[in-house]
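Novice: Sequence isn't available, so here's the structure alone:
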């Protein structure tokens, strides 16, 4: 690695340099903060070893300046005046690790190895992000719709704060996409973004997924498990479809929002959480509160900033641009030389009501690119419902499987129902079951 040693004592700098060079690292020296910052302007370093007590300045004050001058730099703080308080403060300001003087070459080697592992993991994460960009379309938040523009302006202003944001709107309108963008524009962007799908589990299992559990807390709990709250430490916890949060879990989430405190299932020890909460719902939470299904105090804690994303049918000027953006992405992904839509196909895309919103548009364009025989997606390549009434092949009594009939029936009920709960009532199934079916079908 390229390592910068920042220490005001010449003998200590030289000793440390000799030790590091014997391990195969390239080393530069700086006797002061000013010299260190000049070095960072001239050269990229992987790591800095920083003494906490320089001649005329405190290493703790220099630490954030080094990190600002060289994002991604690892900093190991070393001092002969080691205290727990100093170590905690150094880590809080961005240090990777803390070494009390005197330390041995083996002590130093262990810390360097840890940094190499962390750097390797960061590289893997970056590679995975690149791979994900190849599987899912990049976020496209460009819009000609005044309503959505105004909403995005508020969202991006709120991103830099710690405020809880409640994203409302129909399924498929992009609530999850916007939540990720808020996280990416926040001071927590370098931290994790963890999603919890509230309808996917029963109350007890959801509580365990959120907060973790102790060993033996319930049948099958053979070892203690960290919950999503702990995994999201220093980052953002996104609660998707929070309107489906079981009543038993609601007071525990309220406590997390109010006190940043929680306990694992089967444990009495109170733990602190450093997470920002974002939430999304396709339900009318005010109606849920009025019906006694959602706590009023939790609702007001969640909607510090409430944003309702408009459905795609209210954004007619955006449909063409979105469809073409998705077409370019799927053409690259599939390696096909598809460059656009035929006039008939584009007219159908713009005319359709898109009850499944952006998610349904994405699926339709992906299908179109896959099935296209030439350089353009034709009307026949798109789902049949875009051409007009549903095909006779999905009529009850026709030569079609029950699976296809069920999928079409669920799609129609979802498109005509104001909420997931009402659609579930019409279908005679639990909202959690409908959530899983809808996710599987891509609606």
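Specialist: Arrived safely, thanks for sending. What you see is a predicted model, and the numbers here were worked out from it, not measured in a lab. Residues are numbered from 1 along each chain as shown.
Novice: any idea how far residue 347 is from residue 341?
Specialist: 9 Å (CB to CB, to the nearest Å). Any C-beta I mention is one placed from the backbone N, CA and C, and that applies to glycine too.
Novice: who's more crowded, these two?
Specialist: More neighbours surround residue 341 than the other of residue 347 and residue 341, with 25 against 13 (other CB atoms under 10 Å).
Novice: Spit out the contact partners of the more buried one.
Specialist: Residue 341 makes contact with 323, 324, 327, 349, 368, 376, 377, 378, according to CB atoms under 8 Å, 6 or more residues apart in numbering.
Novice: Tell me which two in those residues are the farthest apart.
Specialist: 324 and 378 (15.3 Å; CB to CB).
Novice: buried sites along stretch 21-35?
Specialist: Residues of stretch 21-35 classed as buried: 27, 28, 29, 30, 31, 32, 33 (neighbour count, 16 or more other CB atoms under 10 Å).
Novice: pLDDT and secondary structure added to the residues you listed, as a markdown table?
Specialist: Formatted as a markdown table, the entries for the buried residues of stretch 21-35 read as follows, by pLDDT from 0 to 100; DSSP: H, G, I helix; E, B strand; the rest coil:
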| residue | pLDDT | secondary structure |
| --- | --- | --- |
| 27 | 91 | strand |
| 28 | 92 | strand |
| 29 | 91 | strand |
| 30 | 89 | strand |
| 31 | 88 | coil |
| 32 | 87 | coil |
| 33 | 85 | helix |
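Novice: okay if I get the residues you listed as a markdown table plus distance to residue 336?
Specialist: Output for the buried residues of stretch 21-35, formatted as a markdown table (distance: CB to CB, whole Å):
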| residue | distance to residue 336 |
| --- | --- |
| 27 | 52 |
| 28 | 51 |
| 29 | 56 |
| 30 | 54 |
| 31 | 60 |
| 32 | 59 |
| 33 | 56 |
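Novice: and which of the residues you listed is nearest residue 426?
Specialist: Nearest to residue 426 among these, with distances taken as CB to CB, is residue 33, at 67.3 Å.
Novice: tell me the contacts of the residue lying closest to the closest one once chain neighbours are set aside?
Specialist: When the adjacent residues along the chain are set aside, residue 33 lies closest to residue 62, with 4.2 Å between them (CB to CB, 6 or more residues apart in numbering). Applying CB under 8 Å, 6+ apart to residue 62 gives the contacts 6, 33, 36, 50, 54.
Novice: tell me the domain ranges of the chain?
Specialist: What automatic domain parsing lists as the domains of the chain is 2-127, 146-310, 313-441.
Novice: quick one: pLDDT of the residue positioned nearest the centre of the chain?
Specialist: Centrality entry for the chain: nearest residue to the mean C-alpha point is residue 193, 3.2 Å, by CA atoms, centre = their mean. Note on residue 193: pLDDT of 92.
Novice: And it, its phi and psi?
Specialist: With angles defined as degrees, to the nearest 10, residue 193 sits at phi -120, psi 110.
Novice: Can you pull the phi and psi angles for residue 5?
Specialist: Per-residue torsions, residue 5: phi -100, psi 120 (degrees, to the nearest 10).
Novice: Low-confidence stretches in the stretch 201-350 of the chain?
Specialist: Scanning the stretch 201-350 of the chain for pLDDT under 70 picks out 203, 216-222.
Novice: in it, which spans are strands?
Specialist: Secondary structure of the stretch 201-350 of the chain (DSSP state E, counting those that start in this stretch): strands at 212-213, 225-226, 236-240, 261-262, 271-272, 276-281, 305-308, 340-341.
Novice: what's the most buried one of the ones you listed?
Specialist: With neighbours taken as mean count of other CB atoms under 10 Å, these reach their highest mean count in strand 276-281, at a mean of 26.
Novice: Regarding residue 76, what is its secondary structure?
Specialist: For residue 76, the secondary structure call by DSSP: H, G, I helix; E, B strand; the rest coil comes out as strand.
Novice: of all the strands of the stretch 201-350 of the chain, which lies closest to residue 170?
Specialist: Judged by CB to CB, the one of these that comes nearest to residue 170 is strand 305-308, at 9.6 Å.
Novice: neighbouring contacts of that closest one?
Specialist: With contact meaning CB under 8 Å, 6+ apart, strand 305-308 is reached by 151, 154, 155, 158, 163, 164, 165, 166, 167, 168, 169, 178.
Novice: Quick check: can you name the pairing partners of it and their directions?
Specialist: Here strand 305-308 is paired, per DSSP bridges, with strand 165-168 (parallel).
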